[in-house]
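Q: With the input below, show me the fold.
(one chain, ligands or ions: 1)
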Amino acid sequence: MTRTDIAPAKGKLGVLIPGFCGAISTTLIGGVEAVKAGEGRPIGSLTQMGRIRLGKRTERKNPFIRDFIPLADLKDLVFGGWDIFDENLHEAALKAAVLDPAQIESVRGRLEQLRPMKAAFDRKYVKNLQGPHVKKGKNKYDFAMQLISDIEAFRKKNRLDRAVMIWCASTETYIKEQNVHSTLAKFEAGMKADHPAIAPSMLYLYAALKCGVPFINGAPNLGVSIPAMVELARKRGVPIAGSDFKTGQTLMKTILAPGLKSRMLGIRGWFSTNILGNRDGEVLDDPASFKTKEVSKLSVLESILQPEMNPELYQDLYHKVTINYYPPRGDNKEGWDNIDLFGWLDYPMQVKVDFLCRDSILAAPLALDLVLFMDLAKRAGLGGIQEWLSFYFKSPIHAPEVYPENDLFVQLEKLENNLRHLMGKGLITHLGTEYYK
Ligand SMILES: NC(=O)c1ccc[n+]([C@@H]2O[C@H](COP(=O)([O-])OP(=O)(O)OC[C@H]3O[C@@H](n4cnc5c(N)ncnc54)[C@H](O)[C@@H]3O)[C@@H](O)[C@H]2O)c1
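A: Residues are numbered from 1 along each chain as shown. Here you go, the predicted structure:
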């Protein structure tokens, strides 16, 4: 494939966000506005700051990714979305308290113009939340139809060329994949019958795919991985990606674990705990929502360490993850890890990590990159699961016949090689045989 196969990034790109008034959404939108106004730098974003090597090391060709591939420009993004609270984004950003009030003030005019549409929400799926700005409908199918009308109206009003949807709303209660998720026909019948295993997030996903809008799942909710939605995405040629942004503790885990494993060091235990005081922390204080997050957080180590291939080193690994809601910290999460490892002749060692991070400051650049890359994928004709974007997720969706790739460095290589491939450039293998002659 060459560059001519990718449609140009012309016109406006709509960014539709369920969870419009939340911490990630307001940090993303406030941040993009600040960057556009020259009031801040897009640190943490590969599309804005990253370079990509092309050709041999001797060629010294390392263009910026944004100059190498045709991505949408920040000035062409038009933000819109849904929330259960009816407040403009200036009020919402102040409440989220991630960005400094002075920084929020500098983009106040832009944020005040943005207000959410009414949400498709059901408290059964997010027990610790309640809000007045919600749709009324006959059944789940009716809610999905209302969301489709919202998307079409938003497209028309803003004269959009293209759109992408990114889920930045709350983590819903744990749902196991079941029969109603197995085919599109069963899923559609299930919506009409108000099936309890169809959560609001799935209605947004269904609506997006029906409108040909790529969907990114920033939370661990089941949805993008169910066969019915994979089928719809493939049928319509629409990209889907997820799940659960890889930000604080899991980012550290997927940096450290591949390193320890590459040196064949054994691991007996990995204990992870967090304190977090934002609304996300409050939602996750409900055990049913936490269960969804826990499954996502626990999955990474096993696929990196592959205990079935290295039983002597990893088969007895005890992995524990907890999140504690602690309001004084707000969005400034603290994550502790204690790793019990062993080396030569089984001698034990320990690693302690204390990451004082900022949840939404880590998440916003991922959300921006994903929006731009998913728009690229759509213009390049890539439909269905976008595994090359695993780099951004705690729990990457993948084809059923393969295991997920969780090693951050393999994920980055996969992403970069996909970009090279899309642009008709040679892949980088790091073989370097020319120096042995
Ligand atoms: N911040 C991070 O580092 C991070 C990392 C990985 C995943 N996540 C996930 O991303 C999501 C957003 O995180 P956040 O910190 O912005 O949370 P948040 O609680 O600040 O924002 C979520 C927003 O979603 C809204 N909402 C809930 N259900 C909705 C629905 N059905 N329709 C529309 N709006 C709805 C809420 O009212 C709230 O404004 C959460 O699911 C979180 O678990 C966050």
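
Q: where's the residue of the chain found nearest the ligand relative to Leu28, distance?
A: Residue nearest to the ligand within the chain: Gly22 (2.1 Å; Cβ to the nearest ligand atom). (C-beta placed from N, C-alpha, C; glycine too.) Distance of Gly22 to Leu28, computed by Cβ to Cβ, to the nearest Å: 10 Å.

Q: Tell me which stretches of the stretch 1-150 of the chain form strands.
A: Listed in chain order, the strands found in the stretch 1-150 of the chain under DSSP state E, counting those that start in this stretch are 13-18, 77-83, 117-118.

Q: okay, those strands, which one's buried deepest?
A: strand 13-18 (a mean of 27; mean count of other Cβ atoms under 10 Å).

Q: what pairs with that strand, and is each one parallel or antiparallel?
A: Counting by DSSP bridges, the strands paired with strand 13-18 are strand 77-83 (parallel), strand 162-167 (parallel).

Q: Which parts of the stretch 151-300 of the chain are helices?
A: 184-192, 200-210, 227-236, 249-262, 279-284, 287-305 (DSSP state H, counting those that start in this stretch).

Q: does Ile361 really touch Thr26, like I thought?
A: No - in this structure Ile361 lies outside contact range of Thr26 using Cβ atoms under 8 Å: 11.9 Å.

Q: So these two - more neighbours on which side?
A: Taking other Cβ atoms under 10 Å, Ile361 and Thr26 do not tie; Thr26 has more neighbours (30 against 20).

Q: The residue nearest to that one when sequence neighbours are not counted: what's it in contact with?
A: Excluding the flanking residues, the one nearest Thr26 by Cβ to Cβ, 6 or more residues apart in numbering is Ala93, at 3.9 Å. Going by Cβ atoms under 8 Å, 6 or more residues apart in numbering, Ala93 touches Thr26, Thr27, Ile29, Gly30, Leu99, Ile104, Leu111.

Q: 10 Å instead, please
A: Ala93 is in contact with 21, 23, 25-27, 29-30, 87, 99, 101, 103-105, 107-108, 111, 114, counting by Cβ atoms under 10 Å, 6 or more residues apart in numbering.

Q: same check, this time on Gly109
A: Counted by Cβ under 10 Å, 6+ apart, Gly109 has contacts Glu33, His90.

Q: neighbours around the closest residue to Phe342 other than its chain neighbours, how many?
A: The shortest distance from Phe342 to any non-neighbouring residue, by Cβ to Cβ, 6+ apart, is to Gly266 (4.4 Å). Using other Cβ under 10 Å, the number of residues around Gly266 comes to 21.

Q: pretty sure Gly266 is touching Leu345, no?
A: No - using Cβ atoms under 10 Å, Gly266 is not in contact with Leu345, being 11.1 Å away.

Q: got a pLDDT number for the residue nearest to Thr26?
A: What the model reports as pLDDT for Ala93 is 97.

Q: now swap in Gln103 and tell me
A: pLDDT, read off for Gln103, is 94.

Q: Grab the nearest non-local neighbour of it.
A: Nearest non-adjacent residue to Gln103, counting by Cβ to Cβ, 6+ apart: Ala34, 6.2 Å away.

Q: next one: Lys140
A: Spatially, and ignoring its direct neighbours in sequence, Lys140 is nearest to Met191 (4.1 Å; Cβ to Cβ, 6+ apart).

Q: do Gln130 as well
A: With sequence-adjacent residues excluded and distances taken as Cβ to Cβ, 6+ apart, Gln130 is closest to Arg123, at 5.9 Å.

Q: Name the residues of the protein found near the ligand, please.
A: Within reach of the ligand by Cβ under 6 Å from any ligand atom, the chain has these residues: 18-19, 21-24, 82-85, 96, 119-121, 126, 129, 131, 168-171, 200, 218-219, 244-245, 247, 278-280, 283, 359-360, 362-363.
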